[in-house]
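[1] Sharing a model that was predicted from the sequence below.
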Protein chains: 2
Amino acid sequence: MSAVSATFFRSRWVKAPAGVDEVDPAELAPGFRAGAAACGLKPSGEMDVALLLCDADEVASALLLTRNAVAAAPVRVCREACDRAAIKAAVVNSGNANAATGEQGYRDAVAMRDAAARELHVDPLSVAIAETGVIGVPLPIGQVEGGVTGAAARLDGWGGRRFAEAIMTTDAAPKLCAVRCDGVTVSAQAKGAGMIEPGLATMLCFVQTDATVPEADAVLRAAVARSFERITVDGQMSTNDTVLLQATGASGRPLPDGLLDAVLLQLAIEVLADGEGATRVCRIEVTGAADDREAERVARAIANSPLVKAALHGHDPNWGRIVQAAGMALAGSDLYGLGRASVEAGDLAADSREADVALRLERGDGAARVYFSDLTAEYVRINSEYST
Amino acid sequence: MSAVSATFFRSRWVKAPAGVDEVDPAELAPGFRAGAAACGLKPSGEMDVALLLCDADEVASALLLTRNAVAAAPVRVCREACDRAAIKAAVVNSGNANAATGEQGYRDAVAMRDAAARELHVDPLSVAIAETGVIGVPLPIGQVEGGVTGAAARLDGWGGRRFAEAIMTTDAAPKLCAVRCDGVTVSAQAKGAGMIEPGLATMLCFVQTDATVPEADAVLRAAVARSFERITVDGQMSTNDTVLLQATGASGRPLPDGLLDAVLLQLAIEVLADGEGATRVCRIEVTGAADDREAERVARAIANSPLVKAALHGHDPNWGRIVQAAGMALAGSDLYGLGRASVEAGDLAADSREADVALRLERGDGAARVYFSDLTAEYVRINSEYST
């Protein structure tokens, strides 16, 4: 498994706060430990069960979950039987989403959570559970319980990389960071490559910090709204999306302005760049809409158009497809004035991994940005061959 | 150019009325003539300007147009300056959509329409105009006017095939038919392969008959609602979708029940089967929704999911992706009971060009069907290389 790039904040679209230092991403924020093990969910034998534990007595947390109506069993357990503001631990498997698995799936998720609570000596209601992988296959709970025991035996303050690796599915590389700024540390791990257009969060993301975060839920929602909720690989809201923020407050300092935004946006762009088959990513900025909500609707229509995504792949500055998608999003309105002068799409043709496209409407002051990956033959190959 | 299959009604989903006879599809319904010419819009030198003329003194017609807010110039001319209930003629070009071309585009469309009216000796307000091809490129109106003159010199009652060929863009084959039933004749021509999820109609379709059709607009809307409005190649509503029905009433007989439905549904399925890169088509039937509108929303989410479309391509009976897409369409609701027993997806794995998939919800009596094509590497190739 190769190291992440020396510079975590490598997207042109991410503004990290002044004075931020990147440290070894394997290192978790003070007060956190992680461990992982292989229990056989992944045929490859790679790690597929992971644990994350906060050793502090007090922890402020926030947990965002998918809005998909076919929410997976672990999401339902988190909704119904979890103290979302005081989560001490998380247990994760990769390889089985435990979605569309009915009442047995729910019981299995509870059993997995309880196994983690036992091993970690914490209240089951303080354990978040997340699962990711194939939909509709019963969870082999005995195997998973064995994996939980194995992961608990390997907890370590430098376990960030193992944790990030153990939560991967079709990801090409682990996505993680550890940064220090103004006396606080933030570490974070994410996974995701396909079935990505989050409704409230994306696939899986875990953030640990020793900062004081009094309004954890509001802080996390705001940062997620500007990052994971603004990306799309294939327009598909997952059944399992989960984002967890845990803050011990041990540093006695607040989160520096913009730090969580920068960490989550960079991780979200990592998810995009690792989108199934993706070779390029693009930011579409829509301005001049009637309001921000309309701008977002137009931007998402463009970001999800397979024609625009193919043009991004083909380095084709095809502005016609951008105005067509905008016209579809606002069907029934009149955008007859839209034309070549309304679009800046030249960057599509650039020899760059990141491209900027802008569309100016003339309906008001609404604006929105959405980030998306390209559509490639490799995406089709992956999703034609990935089997139930 | 190869002939269409000997049997036009070849989809398992189309029920042609009893007693229907298929005749040479080049033959237009009595009272109609068509012609075509090449004016150089297509670099290949193939035919790209087409005319259709009704010789009867009286004609009842209906014209359905895209709702895309960036509607092309010809669509706007048809909306603003056309007697949609009494259309005698149609003029079409393929190769240039004349969309997002501003006021000059509008003037060019009017000039093209007026050239056709002059050549055919009819009122300009009785001429429908349709254009299809690349978006955002000025129309070389002088060339097109020459093409109109050339097409007018070749009008023929057996011009259906030439007309169907001249309106093609990325289509692999012309799509046309001529059928007789209960003393009336219906001939029809369609084109379309990409940018297909019509909002009110699809790309281009022309229908001629000698039946009496007193409520032409309502009749056409109903048939289109069950055919072209129920297909999707790539979820993209075009800027130029147009469907024209013309009826002379010369036979003195009404349209046989189900004939127009069968003709339009088969043509719509031809468009799907010829979807860019498509190798298979699928019908998703959703039942048990709260109402028909909800069923349609769920069916479209499934039909437009690139994951489901890739599974169709890979012959993978991946029912998990079907419930995931349904859960996305109804985000915020609770579909926790959905599981393997709710889906019939085995046909995805069948060795057939047409596959049936069914999803049963348990929310009410709403039902809907949507037809879609698969997502292939060839789709990506076509749309990455098709250049502005």
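    Everything's here; your move.

[2] Can you tell me the element residue A:287 falls in?
    strand A:281-289 (DSSP states H and E).

[3] Please apply the same query to residue A:323.
    Assigned by DSSP H and E, residue A:323 falls in helix A:319-329.

[4] Count the residues that sit near the closest residue to residue A:149 other than its chain neighbours.
    Of all residues not flanking residue A:149 in the chain, residue A:119 sits nearest, at 6.0 Å (C-beta to C-beta, 6 or more residues apart in numbering or on different chains). C-beta coordinates here come from the backbone N, C-alpha and C atoms, glycine included. By the criterion of other C-beta atoms under 10 Å in any protein chain shown, residue A:119 has 21 neighbours.

[5] ok, now the one 5 residues further on?
    By the measure other C-beta under 10 Å, the count of residues near residue A:124 is 18.

[6] now swap in the one 3 residues further on and tell me
    One way to gauge burial is a neighbour count; for residue A:127, by other C-beta under 10 Å, it gives 27.

[7] Please look at it and residue A:83 and confirm they touch.
    No. If you go by C-beta atoms under 8 Å, residue A:127 and residue A:83 don't touch, sitting 9.4 Å apart.

[8] and stretch A:15-24, how far out from the chain's middle?
    Stretch A:15-24 sits 20 Å away from the centroid of its parent chain (C-alpha atoms, centre = their mean, to the nearest Å).

[9] likewise stretch A:300-310?
    That offset, for stretch A:300-310, works out to 20 Å (C-alpha atoms, centre = their mean).

[10] what's the answer for stretch A:333-341, then?
    35 Å.

[11] gap between the two ends of that stretch?
    From its first residue to its last, stretch A:333-341 covers 19 Å (C-alpha to C-alpha, to the nearest Å).

[12] Also stretch A:132-151?
    17 Å.

[13] Buried residues, it. List them.
    A:132-137, A:139-141, A:143-151 (16 or more other C-beta atoms under 10 Å in any protein chain shown).

[14] One more: stretch A:369-386?
    Within stretch A:369-386, judged by 16+ other C-beta under 10 Å, the buried ones are A:369-377, A:379-384, A:386.

[15] Among the residues you listed, which pair sits farthest apart?
    A:369 and A:384 (31.5 Å; C-beta to C-beta).

[16] on that earlier part again, keep the buried residues of stretch A:369-386, but drop any that are not near chain B.
    A:375-377, A:379-384, A:386 (C-beta under 8 Å from any C-beta of the partner chain).

[17] Just send those residues back as JSON lines, with pLDDT too.
    Listed next are these as JSON lines, based on pLDDT from 0 to 100:
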{"residue": "A:375", "pLDDT": "92"}
{"residue": "A:376", "pLDDT": "93"}
{"residue": "A:377", "pLDDT": "91"}
{"residue": "A:379", "pLDDT": "87"}
{"residue": "A:380", "pLDDT": "88"}
{"residue": "A:381", "pLDDT": "88"}
{"residue": "A:382", "pLDDT": "83"}
{"residue": "A:383", "pLDDT": "83"}
{"residue": "A:384", "pLDDT": "86"}
{"residue": "A:386", "pLDDT": "56"}
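
[18] In helices, which of these fall?
    Applying DSSP state H to these, the entries found in helices are A:377, A:379-384.

[19] Take those residues and write them to TSV, including distance to residue B:328.
    Shown next, in TSV, are those (distance: C-beta to C-beta, whole Å):
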residue	distance to residue B:328
A:377	25
A:379	18
A:380	20
A:381	23
A:382	20
A:383	16
A:384	20
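
[20] now, which of those sits nearest residue B:316?
    residue A:384 (7.0 Å).

[21] for residue A:215, phi and psi?
    Dihedral pair for residue A:215: phi -110, psi 60, per degrees, to the nearest 10.

[22] Could I get the average pLDDT for the lengthiest helix in chain A?
    The residue-count maximum for a helix in chain A (DSSP H) belongs to helix A:102-120. Summarised as a single mean, pLDDT over helix A:102-120 is 97.

[23] Give me the buried positions along that helix.
    Buried residues in helix A:102-120, defined by neighbour count with 16+ other C-beta under 10 Å: A:102, A:105-106, A:108-117, A:119-120.

[24] Out of the residues you listed, which two sit at the greatest distance?
    A:102 and A:120 (27.8 Å).

[25] Now do the longest helix of chain A: everything it contacts.
    A:51, A:53, A:72-74, A:76-77, A:81, A:88-89, A:91, A:93, A:98-99, A:101, A:123-124, A:126-127, A:129, A:131, A:138-139, A:141, A:144-145, A:148-149, A:152, B:337, B:339 (C-beta atoms under 8 Å, 6 or more residues apart in numbering or on different chains).

[26] Filter those down to the buried ones.
    Buried among the contacts of helix A:102-120 (16+ other C-beta under 10 Å): A:51, A:53, A:72-74, A:76-77, A:88-89, A:91, A:93, A:98-99, A:101, A:124, A:126-127, A:129, A:131, A:139, A:141, A:144-145, A:148-149, A:152, B:339.

[27] Mind checking which of the buried residues of stretch A:132-151 land in strands?
    If you go by DSSP state E, the buried residues of stretch A:132-151 have A:132-134 in strands.

[28] can you list the residues of the stretch 51-200 of chain A near chain B?
    Residues of the stretch 51-200 of chain A lying near chain B (C-beta under 8 Å from any C-beta): A:67-71, A:76, A:97, A:99-102, A:134-136, A:194-195, A:199.

[29] Which members of those occur in helices, if any?
    Checking those against DSSP H, those in helices are A:76, A:102.

[30] Which per-residue confidence value corresponds to residue A:4?
    At residue A:4, pLDDT is 39.

[31] so how far is residue A:170 from the residue in the stretch 101-250 of chain A positioned nearest to chain B?
    The minimum distance from the stretch 101-250 of chain A to chain B, using C-beta to the nearest C-beta, falls at residue A:135 (2.9 Å). Plainly put, residue A:135 is 13 Å away from residue A:170 if you go by C-beta to C-beta, to the nearest Å.

[32] re the thing from before, which helices and strands does the strand holding residue A:287 pack with?
    With contacts taken as 3 or more C-beta pairs under 8 Å, 6 or more residues apart in numbering or on different chains; DSSP states H and E, strand A:281-289 sits against helix A:259-273, helix A:292-304, strand A:354-360, strand A:366-373.
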